[in-house]
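K.L.:
Here is my input; please provide its structure:
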Amino acid sequence: MNTEFPDLPHAVWRSLSLLRHLNPDELAYLDEVAETRTYAKNEIIFTQSKRISGCYIVLSGIVKQFKTGGEGKEYIFRLAKAYEILGFRSVLSEEPACSTSTAIEDCTVCYIPKDCMHRLVKTNGDFALDLLQIACRELEESHSLITNIAQKSVKERLAELLLMLKNKFGVNEQQQLNIVLSREEVANVVGTATESIIRLLSEFRNDRYIDTGGKKIAILNEKALEKIAFLKG
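P.N.:
Got it, this is the predicted structure:
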């Protein structure tokens with residue numbers, strides 16, 4: 001981790017939707033106490049079951065959040081991109097982190113100390129409401145993930161994941177996803193064995209739904225994936 005990074009100016013704070021209700025004094029306070037930190041690919045930001053002293057807003061890069069099962073297997077339940085917040089529920093509840101957050105590519109985050117978060121929640125109702133809405137959305141996403149694992153096949157879940165990754169992270173000119181996940185990471189999101197993901201990706205490639213080059217995946221037939229995932233029609 002590297003903290004040798006300039007402080008964020010007010011203009012950047014105001015560009016973050018989560019902080020849009022903060023007044024000039026609160027923004028100045030953030031400038032005093034917040035830190036901008038950089039993490040290398042695969043570097044841990046915080047660890048499951050350990051207490052954290054603040055929360056993190058992703059400024060660039062992508063972070064995976066996962067729980068570790070009894071046998072050491074990762075269960076990835078969230079992929080966070082720029083301007084998404086991590087760790088705030090554990091900070092506000094004064095409980096150990098319920099998951100581990102790790103950079104899956106070089107990333108920059110803004111660290112906000114616990115005392116600062118508590119102060120803003122107590123004094124700024126609009127800020128507190130924004131956090132509550134974020135928590136509700138995350139809960140809904142968790143419910144959807146649980147429902148999918150219970151009701152959909154691995155093939156259906158994989159198709160839905162590929163479409164979600166395209167929608168959230170976009171694609172380049174070659175229609176390749178702007179997020180690069182290992183086959184094991186894909187398996188840990190879908191909730192299956194890596195071998196099953198390798199086989200299904202090969203099947204999708206043979207059917208010309210996708211194309212693969214190394215770890216990169218290009219979406220060739222979005223409608224076919226939607227049909228498999230039962231998202232349309």
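
K.L.:
pLDDT wise, what is residue 150 at?
P.N.:
Per-residue confidence for residue 150 comes out at a pLDDT of 75.

K.L.:
which stretch of helix or strand covers it?
P.N.:
For residue 150, the enclosing helix or strand under DSSP states H and E is helix 125-151.

K.L.:
Output the contacting helices and strands for that helix.
P.N.:
Helix 125-151 sits against strand 74-80, helix 88-93, helix 114-123, helix 154-169, with contacts defined as 3 or more C-beta pairs under 8 Å, 6 or more residues apart in numbering; DSSP states H and E. For every residue, glycine as well, the C-beta is placed using N, CA and C.

K.L.:
what comes up buried for it?
P.N.:
127, 128, 130, 131, 134, 138, 145, 148 (16 or more other C-beta atoms under 10 Å).

K.L.:
Can you lay out those residues as TSV showing distance to residue 107?
P.N.:
Compiled in TSV, these are given as follows (distance: C-beta to C-beta, whole Å):
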residue	distance to residue 107
127	24
128	27
130	22
131	22
134	19
138	19
145	23
148	27
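
K.L.:
quick one: which of these is nearest to residue 197?
P.N.:
Residue 197 lies nearest to residue 148 out of these, by C-beta to C-beta, at 15.2 Å.

K.L.:
Please report how far the closest one lies from residue 223.
P.N.:
With distances taken as C-beta to C-beta, to the nearest Å, residue 148 is found 20 Å from residue 223.

K.L.:
re the thing from before, so which of the helices and strands packed on helix 125-151 comes closest to residue 27?
P.N.:
Nearest of the helices and strands packed on helix 125-151 (C-beta to C-beta): helix 114-123, 10.6 Å.

K.L.:
between the closest one and helix 125-151, how big is the angle?
P.N.:
Counting by axes from the mean of the first three to the mean of the last three C-alpha atoms, to 10 degrees, helix 114-123 lies at 110 degrees to helix 125-151.

K.L.:
quick one: helix 114-123 to chain centroid distance?
P.N.:
How far helix 114-123 lies from its chain's middle: 23 Å, per C-alpha atoms, centre = their mean, to the nearest Å.
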